[in-house]
Each structure stands twice: as structure tokens, then as C-alpha cells.
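S.K.: Whatever this is, show me its structure:
(one chain, ligands or ions: 2)
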Amino acid sequence: MGKKTLEDYDVAGKRVLLRVDFNVPLDKETGAISNDERIQAALPTIRYLLDHEARLIIMSHLGRPKGQVVDSLRLDPVADRLSALLGQPVAKADDCIGELAEKAVADLQPGQALLLENVRFHPEEEKNSLEFVKKLAALGDIFVNDAFGTAHRAHASTEGVGHFLPAVAGYLMKKEISALARAGKRPVRPYVAIIGGAKISDKILVIEELMKIADKVIIGGGMANTFLAAQGYDMQASLVETDKIDLAKGLLDQQAETGKAFLLPTDVVVAKSLDDAEGTVKKVDDLAAGDMALDIGPATRDLYVKALEGAQTIFWNGPMGVFEKEAFAQGTNALAQGVADSAGYTIIGGGDSVAAVAQAGLSEQIDHISTGGGASLVFLEGRMLPGLAVLEEREDEPV
Ligand SMILES: Nc1ncnc2c1ncn2[C@@H]1O[C@H](COP(=O)(O)OP(=O)(O)O)[C@@H](O)[C@H]1O
Ligand SMILES: O=C(OP(=O)(O)O)[C@H](O)COP(=O)(O)O
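M.R.: Numbering: from 1, shown residues only. Ligands and ions are numbered 1, 2, ... in the order given. Purely as a prediction, here's the structure:
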């Protein structure tokens, strides 16, 4: 007998606890949702559950509030956007556990949806602590996990609750896994991986694995700054994770031994402030006090786009610069165009990366737009995703 799917459950009238990844990019100035693709991606599962008369309780995180209530990271705007997309009201509870959540759940009728408050307002979420898991699980009768983008986190709402309720994958989770499996164990070669963005400590370890799997690794964005610092360049005021410099040095040594193509910027676009209307192009050995490297430079752009030629598989996570600002978006846009033009199988993953490609108007030309950056990296390495592993265990059990 195969794994169970959503259709194997009778959800009518049941409290379905659905974990999604509504960690959408927010406009740095206004705080408004700047890209809602992560919400749209979860709609098939949400619509299915509502059409089948579930009492739908939705959980998500937004940003990294570090276990505290942060008003700018409340989920009210997300509930409004979901409501507009669904064409029906979506209730919002101001907490994800306790009286506020319980009352909102009790008021929920079949076919209605409720969004709980940001689960990361409680430090217990990321600790996956048992008491918190039990409180979340007590709100539902069935757990559905559609949060592919957060499946690499063993948190209470992504993994913990799966041990206490019948648990099954949603449609987005299934779709992501089957699309990514194509680039997984046996990618068609040459395979080029592009890594950028700002989540350096999260993703730098993954690069070691990528250096084994991919034929070429291209590094940009904030990630590149740490490697450039490891090469001895003074990156001045740029985003650099100093405690990861040694690790970066180790990776560069490894790369020197293997000779694997590993591309770092030779020039960057710098500015003293994010609000500078335009940046200045500098060689990486030429940064002055106060300079922040906020994009790859034109020579690097050309080098990177050329490096994509002939690729049969391309995976990209993490923008090449602060693409949210026009002055620092050219590197990301050029790479987006290069990936879009490729005849190979192309995957772009991550909340901001997906937003960047949408901003460049190129989403249609990408084979798979993944809602997960870190999650797809972990998956492509062949490592276990905790949010998926718990489902696989439970999907073998009788309904
Ligand atoms: N050179 C840089 N300096 C500072 N921030 C950067 C730089 N390059 C990219 N970023 C930022 O990285 C963020 C996205 O990183 P990340 O979350 O890792 O990507 P994703 O969401 O696609 O996984 C963006 O907000 C972007 O502004
Ligand atoms: O945005 C996310 O990851 P991504 O930036 O790697 O795509 C997910 O929502 C996970 O968020 P986290 O990296 O704060 O755990």
C-alpha cells in the first residue's frame, strides 16, 4: 500500500491544523507584503480543505522575532491577503496557543479558515518543546504540513505536532519534493549551483556539500563577502559573518585541492548607506572605510552569466545583492536573465529569490520556482527534512 495522501482523510467538520510557510518578504520601508507567492502556493491545499468542509486552522511563522511579540511581524496583513485571494473571510487569532487561540478555534465552522498568530512569538516553537507542541496539537484533529520552505526546521509547528496527530503532506509539499527530486541525486550535468543572500551562517555549511555535488558553484550577495574576507580582502562595513571566516577559509582550501570551479566576485557595487540612490563600482581589493558591498559588479555579472552557458541543471538560492533597492538589483537581474535563458532544467528557491525573479518579470521562464531556499538546499544535498520525515512516518499508519 502506498503512502496516504490528503484525500485518504475525511476532513469534513474536523479541525485541520495546517502548517504553511507564509514567511513572505515585507517592504523594508512600509512593512507591506511585497510578494505573496508563498501564500498563493498554499492555496490548492487550503481550497481543498475548505471545499471539503474542514474547520481550517492555519499556522505560520513570519521573520525571526526570536521568541518575542514583534508587532511588525504580526500575521494580520497575511490574513487579509489570504482572505482576498480566497474570496472569503479569514479569521485571525492574536496568539497561536492559549485562550485566544482556543476561543477562535471553538468559533470556527466547517468551511471556515482561521490564521493563528506568528508561532515564533513563543521561544518554545524553535525549541520544539513538548508542552508547546501539545498545546498546538490540542487545537486540531489532523495535522497537514504544506510548509515546504520551513521543512528543514525541526520546530514545534513543523515537526513536533506531527507526532501527536495523524499527519499528512499538503499539495505544495508533494509538488516541491517531486520537482526537486529531478535535480537531486542524479542531476543532469553540467550542474551549476548559485548561492547568495544574507542567511550566511545557515547556508555556508551547505556549500561544502554543493562543492561535491555541483560542477560549478557561484557565490554572490552577503555570502560572498564572508568568502572575500576569508581571502584577506577588507570588506569594510559590508555584511560579513566574522565567526564564519575560518569556515570559509577551510572551504577555500578544500576547493584549491579539488580544483572545483568556485566563483567569487572580482568587483562589487558599494555604497555608504542603503539609501544611496546609486552605488559605486569597486574592485574587491579597493573598498574604503564605510563601504558596504551591496551587489556584484559588472565584470562579475558577465563572468557569472557566462558561467551558466551550457548548464543542464541550475539551482539558485539567494539574491546577488540588495535587490529590493534598484541601485543594487542589477547583479540579481542579470543572473535572473541568465537563468531564464538557460536551456537546462532551472530551479530558483527561497522567499526573497522568488520575489527577485518575479520583480524581474522572469518567473514564467523558470522550470521550478521553489518556495524554499534553505529547505531545497538541504533536500538537494540528500539530507533529511525533519518536517517531511515525520509525515513519512505517519503516512504509513492506518487512517
Ligand atoms: N551584499 C549584501 N549585503 C546585505 N544584504 C544582502 C546582500 N545581498 C543580498 N542581501 C539580502 O539578502 C536577502 C535575501 O537572503 P536570503 O533570505 O538568504 O534569500 P532567500 O529568501 O531567497 O532564501 C535580501 O533581503 C537581500 O537584500
Ligand atoms: O524563508 C525561509 O527560508 P529561505 O529564506 O531559506 O527560503 C523559511 O521561511 C524559513 O525561515 P528561517 O530561515 O527563518 O527558518
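S.K.: Pull the distance from stretch 391-398 to the chain's centre.
M.R.: A distance of 25 Å separates the centroid of the chain from that of stretch 391-398, by C-alpha atoms, centre = their mean, to the nearest Å.
S.K.: What of stretch 272-287?
M.R.: Offset of stretch 272-287 from its chain centre (C-alpha atoms, centre = their mean): 28 Å.
S.K.: is that stretch anywhere near ligand 1?
M.R.: No. Stretch 272-287 is not in contact with ligand 1 by C-beta under 6 Å from any ligand atom; minimum separation 8.5 Å. C-betas here are computed from N, CA, C, even on glycine.
S.K.: which of the residues in that stretch are buried?
M.R.: Residues of stretch 272-287 classed as buried: 276, 279, 282, 284, 287 (neighbour count, 16 or more other C-beta atoms under 10 Å).
S.K.: how many neighbours does the nearest residue to Leu239 once chain neighbours are set aside have?
M.R.: The spatial neighbour of Leu239 that comes closest, neighbours along the chain excluded (C-beta to C-beta, 6 or more residues apart in numbering), is Gly222 at 4.2 Å. A count of nearby residues for Gly222, using other C-beta atoms under 10 Å, gives 23.
S.K.: Return the residues in contact with Gly222.
M.R.: Applying C-beta atoms under 8 Å, 6 or more residues apart in numbering, we find Gly222 in contact with 196-198, 200, 238-240.
S.K.: neighbour-wise, which of the residues you listed leads?
M.R.: Neighbour max across those (other C-beta under 10 Å) = Gly196, 29 neighbours.
S.K.: Contact partners for that residue?
M.R.: By C-beta under 8 Å, 6+ apart, the contact set of Gly196 is 219-224, 317-321, 332, 353.
S.K.: Quick one: buried ones out of these?
M.R.: With neighbours counted by 16+ other C-beta under 10 Å, the contacts of Gly196 contain buried members at 219-224, 317-321, 332, 353.
S.K.: With pLDDT and secondary structure added, can I get the residues you listed in TSV?
M.R.: TSV is the format used below for the buried ones among the contacts of Gly196 (pLDDT from 0 to 100; DSSP: H, G, I helix; E, B strand; the rest coil):
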residue	pLDDT	secondary structure
Ile219	98	strand
Gly220	98	coil
Gly221	97	helix
Gly222	96	helix
Met223	96	helix
Ala224	98	helix
Asn317	96	strand
Gly318	97	coil
Pro319	98	coil
Met320	98	coil
Gly321	98	coil
Thr332	98	helix
Ser353	95	helix
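S.K.: restrict those to contacts with ligand 1.
M.R.: Among these, the ones lying near ligand 1 by C-beta under 6 Å from any ligand atom are 221-222, 317-319, 321, 353.
S.K.: Outline the domain layout of this protein.
M.R.: With domains defined by automatic domain parsing, the chain comprises 6-172, 179-380.
S.K.: I'd like to know which of the ones you listed lies nearest to Pro398.
M.R.: domain 6-172 (9.5 Å; C-beta to C-beta).
S.K.: near ligand 1, which residues of the protein?
M.R.: Residues of the chain found near ligand 1 (C-beta under 6 Å from any ligand atom) are 196-199, 221-222, 225, 239, 293-294, 317-319, 321-322, 324, 350-353, 373.
S.K.: how about Arg394, secondary structure?
M.R.: Secondary structure assignment for Arg394 (DSSP: H, G, I helix; E, B strand; the rest coil): helix.
S.K.: That one against Val168, yeah?
M.R.: Yes. The criterion here is C-beta atoms under 8 Å, and Arg394 meets it with Val168 at 7.2 Å.
S.K.: Could you check which of these two has the larger neighbour count?
M.R.: Between Arg394 and Val168, Val168 has the larger neighbour count (other C-beta under 10 Å), namely 25 against 19.
S.K.: Return the distance of that one relative to Leu251.
M.R.: Distance, Val168 to Leu251, by C-beta to C-beta, to the nearest Å: 38 Å.
S.K.: Need the phi and psi values for Ala356.
M.R.: Note on Ala356: its backbone torsions stand at phi -60, psi -40 [degrees, to the nearest 10].
S.K.: swap that for Ile33, sorry
M.R.: When read as degrees, to the nearest 10, the backbone of Ile33 gives phi -70, psi 120.
S.K.: and the residue nearest to Gly372 when sequence neighbours are not counted, helix, strand or coil?
M.R.: Spatial nearest neighbour of Gly372, excluding adjacent residues (C-beta to C-beta, 6+ apart): Gly149 at 3.8 Å. Look at Gly149: counting by three-state DSSP, its state is helix.
S.K.: Run a quick neighbour tally on Gly149.
M.R.: Neighbours of Gly149 under the rule other C-beta under 10 Å: 32.
S.K.: and it, what is it in contact with?
M.R.: Gly149 makes contact with 21, 23, 38, 350-351, 371-375, according to C-beta under 8 Å, 6+ apart.
S.K.: ok, now Ala179?
M.R.: Neighbours of Ala179 in contact, by C-beta under 8 Å, 6+ apart: 347, 367-368, 370.
S.K.: And for Gly140, the neighbour number?
M.R.: 23.
S.K.: How about the secondary structure of it?
M.R.: coil.
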